[in-house]
Structure formats: C-alpha cells, structure tokens
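Let's see this in three dimensions:
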Amino acid sequence: MAYFAAGSKEDDILSEKMNAMFSKKTKKSDDTDQDLEEEEYEEDVDEREDQIIRRRSKEERNKENKKIFNKGRRTRKIIGLFLLGGLIIGSVVLYKAQTTLSKITTGKTGIFGSFLKGKDDLMGMEQGQINILLIGVRGENIPGGSLLADSIILAMFRPEEDKVALVSLPRDMYVPIAGKNYSTKINEANPIGEEAGEGQGLELMKKTVSNITGVDVHYAISANFNALRDTIDVMGGIDIHLDEPFYEGTQFVDGNECGGEFSLPAGDITLSGEKALCYSRARYASSDFDRARRQQQVLMAIKNKALSAGTLTDFSKLNNLINVMGNNVKTDMEAWEMKNLFSVFKGMEDPKMYKRVFSTGKDGLLYSSTSENGAYILLPEGNNFDKIKRACSDIWIEEAETKKAEENSKKNSQEING
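Residues are numbered from 1 along each chain as shown. Next up is the predicted model:
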C-alpha cells in the first residue's frame, strides 16, 4: 500500500475517496436501519390488527354465545312453564281422580297405592285370569226397580294370552242366593245385599254368580243408565255395525222413552249415549237373550272407543269421564287396583273375543218355567248348574270348536252345492 505525505494532493484525493466510501456505507446502514424500522412498524401494525380482529371475534363469539344462552334460557323457561302446567293439570286430575275413586270404591287404599303395588298384586294375575262381574242397574230413584240387576255379564280376561270372554246371565235365572236358605231371580241379589249395607249388593252378587258358574269372581262393577249414556256422549259416541235394520215399536211407547218407536238403520252407524242405551234396553220385539247380545256389542264398542288414540289423553274428556264415574258407578275395587287394571287392559290391544249367552235356545242350557207365585223364571238343564259351570270353564275351547264346526259345515255345504 502506498503512503503519501500529509497535506499532499494525493493525500487529499485519498481522503475524499475514503469519506465518500464512509458516507455511502453510512447511508446504506441508515437505509437498512430504516427498512428494519419500517418492517418492525409493519409487524407491529399487523400484530395490532390481529389483536383487534381477535378481540372483535371474541366479542362476536361472546355476543353469539349470549344470544344462544338467552335463547336456551327462553326455551328452558317455556319448557318449564309447560312442565309446570302439565304438573298442575296432572295434580288436579290425580286429586280429582283420587276424590272420585274414593266415592265409587268400597276400598280404603288410595290411588297412590299403585306406586307400591304392581300388576302382579291384582287378584287373578297369578292364575293368569282376572274375572270381573259387570252389573247394569236402572239407578237410584228410577221407577221399575232401581237396584235390580237388569244386565249381568261375567267378563273374564287372560292378559298374557290376549283373550277376553263375555258370559251373559239372564236376569230371570232362578238361583240359590249365596248365604241364604232360599232361591230367587238372580237380579234380586243386588238389592237384597244392599239391605245389609252399602256395597254389600256387589259382594252378594259376586258370591252368587261364583256359586252357579264355578268361576272365582275377583271384582264387581255396578253402573246405572246414566253411566252408560253419559260415558258414550263424553267419548263422542260409539260405532257399531248392524246387518239389518233394528226396530222396537212397543217397549218405549208408554212414557215416550226413546222417542216412542225406536229404530236404527242397517250398516255402520254411530250411536249417541241415548241411542246406545235404548238399543241396549230394547227386548220386546226380540227377547231378553238378544238384548244380552246387544249389550255385549255395546260394551265392546265402548272398550274400543275408550282405548282409541286421543280419548283418554284429552283432558276435558278425561275430566268429564271422572265426573260420570263418580256419580254413577260403584265397585269393590280399590283405587290402585282400578289404575293397574286399566294398564293391563290397555296392553291388550286386539284381544280375541269369546262370547256366550245362556238362553232357552239350542245349547242355551236353560229352560223356562214359573215360580211358586207364578213369575216367569229360567232354570238350568238337569236342574243343576253343572253344565253352566262346564260351559264357563270351557268357553275358550268351545268357541274355537264351534267356529271350526261352522267352517266345516259351510265347506261341506259348498261342496254339495258345487
């Protein structure tokens, strides 16, 4: 490297070059620092923007969550109100049911006993068959024998087999009254028992029917004319089918009941409570035995309507049905038994039906006679109730055999005609 004397021309030129280089380097360094500062500033701006965006997003999420929470709170509030309303309505129904059932039953345990006792605690469940005596009476203070049993039907249920049997006992059957030393018409057992105290009529009817049928009767229900008529009206009527027109032109003329002359057309028809009652009572133009068959038909129509969708889930209908029961029905079942029995019956969606009406016709097992005072009575063939008992115990078998015999007879007839 060459050296020049200080202050020489060469030295001045070298200094200028070095100053220029330093100045350029400094400027470059300053530019770099400025670029770095700009980059840092831009990074700070980006970070602040990200923070703002994150803060806004968080605020928006909070607002959205708040909306969802408030909406959920309103929904929960609405649901809560519905539940509260349902609880109040349910409590009213339960209280009213408890009060009503207490009126119609001779039992002491309330409906709340159903929470302690299950279906298996019902009488007859262990044997697989529940037997209930259904009694139709005119009603108190109604002329013509207010407590006489106009309709007597022994209903037998086999829940596990989904089967129901209805056996109608004519009111004029002359039978020994349980615990008494005399015989009389079976329909008189109810008022005879009631003379000993309220509810005793049901008990005497149960024992008397058990003795002549050989069936252990577990429960009994008594309902008057108003119960039948009002129950059907509350449900909106019942549907039945008639193969031919029905006409009763004599029985109701006196007193102008049922419009005097009562008639129904053939086909599928809907009966009001009043028409169903007239149809169930009519017998002059036919017979007491045909009336029993019509009563069975009406009873099944009531069952079908009661268990149909909407009938027992409608608060107003349920409330009115409870009122009807309280004023017109009596039973020896306790409240919890009624509740559990309803659950059992509701589970029998489409039971196979078996029906029997004891009569003076072919295989009816009864014949007509007169009592010592000249009254019309019905007596069992052989003057004992052995055949009646056998028919009741074998009804499930007999019905099947009868249908089979009818089918074979029809088939043979077709073959002959063919």
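
mind listing what's buried in the longest strand belonging to the chain?
For the chain, the longest strand by residue count, based on DSSP state E, is strand 149-158. Neighbour counts over strand 149-158 (16 or more other CB atoms under 10 Å) mark Ala149, Asp150, Ser151, Ile152, Ile153, Leu154, Ala155, Met156, Phe157, Arg158 as buried. Placement of C-beta: from N, CA and C, glycine included.

Closest one of those residues to Ala165?
The closest of the buried residues of strand 149-158 to Ala165 turns out to be Met156 (CB to CB; 4.3 Å).

Which residue, neighbours along the chain excluded, lies closest to the closest one?
With CB to CB, 6 or more residues apart in numbering as the criterion, Met156 has its nearest non-adjacent residue at 4.3 Å, and that residue is Ala165.

got a list of what that neighbour touches?
Neighbouring residues of Ala165 by CB atoms under 8 Å, 6 or more residues apart in numbering: Ala155, Met156, Met353, Tyr354, Lys355, Arg356, Ile395, Trp396, Glu399.

now the strands for the chain?
130-137, 149-158, 163-168, 174-176, 183-185, 219-224, 238-242, 246-248, 262-264, 267-271, 329-331, 352-357, 366-370, 376-380.

rank these by mean pLDDT and give me the bottom one.
Among the strands of the chain, strand 329-331 has the lowest mean pLDDT, at a mean of 90.

Report all helices and strands that that one contacts.
For strand 329-331, the packing partners by 3 or more CB pairs under 8 Å, 6 or more residues apart in numbering; DSSP states H and E come out as helix 9-104, strand 219-224.

just flag whichever of the ones you listed has the lowest average confidence.
When the helices and strands packed on strand 329-331 are ranked by mean pLDDT, helix 9-104 comes last with a mean of 57.

rewinding a little: filter the contacts of Ala165 down to just the buried residues.
The buried subset of the contacts of Ala165 - by 16+ other CB under 10 Å - is Ala155, Met156, Tyr354, Lys355, Arg356, Ile395, Glu399.

about what we covered before: tell me how far the residue nearest to Met156 lies from Val357.
Ala165 is 12 Å from Val357, where distance means CB to CB, to the nearest Å.

what does Ile395 give?
Separation of Ile395 from Val357 (CB to CB) stands at 11 Å.

intersection of neighbour lists for these two?
Val167.

What lies in contact with stretch 348-363?
157, 159, 162-170, 173, 287, 289, 292-293, 296, 300, 307, 364-368, 378, 388, 391-392, 395-396, 398-399.

Make a PyMOL selection of the buried ones in the residues you listed.
In PyMOL syntax, the buried subset of the contacts of stretch 348-363 is picked out as below (16+ other CB under 10 Å):
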select buried, resi 157+159+163+164+165+166+167+168+169+170+173+289+292+293+296+300+364+365+366+378+388+391+392+395+398+399
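
ok, Met338 touching Tyr219?
No: look at Met338 against Tyr219 with CB atoms under 8 Å: they stay out of range, at 9.1 Å.

Mutual contacts of those two, please.
Thr331.

circling back: and the contacts of Ala165, which is closest to Gly201?
Nearest to Gly201 out of the contacts of Ala165 is Ala155 (CB to CB; 18.2 Å).

could you measure that closest one against Ile192, distance?
23 Å.

Over to Ser210?
For Ser210 relative to Ile192 (CB to CB), the value is 16 Å.

Please identify which of these two sits among more neighbours.
The residue with more neighbours, out of Ser210 and Ile192, is Ile192; 20 against 17, by other CB atoms under 10 Å.

Surely the more buried one and Glu203 touch.
No: the pair formed by Ile192 and Glu203 falls short of the contact definition of CB under 8 Å, at 11.1 Å.

Alpha carbons of stretch 167-185, as CSV, please.
C-alpha atoms of stretch 167-185 as CSV (Å, rounded to 0.1, in the frame of the first residue of the first chain):
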residue,chain,number,x,y,z
VAL,A,167,-120.7,-64.5,29.6
SER,A,168,-124.2,-63.1,29.9
LEU,A,169,-126.5,-64.4,32.6
PRO,A,170,-130.2,-63.6,32.1
ARG,A,171,-131.8,-61.6,34.9
ASP,A,172,-134.6,-64.2,35.2
MET,A,173,-132.3,-67.1,36.1
TYR,A,174,-133.7,-68.7,39.3
VAL,A,175,-130.7,-69.4,41.5
PRO,A,176,-129.9,-70.0,45.2
ILE,A,177,-128.8,-66.8,46.8
ALA,A,178,-125.4,-67.1,48.5
GLY,A,179,-125.6,-67.4,52.3
LYS,A,180,-129.4,-67.6,52.2
ASN,A,181,-131.7,-70.5,52.5
TYR,A,182,-133.9,-69.6,49.5
SER,A,183,-133.8,-69.2,45.8
THR,A,184,-135.0,-66.2,43.7
LYS,A,185,-134.2,-64.4,40.4
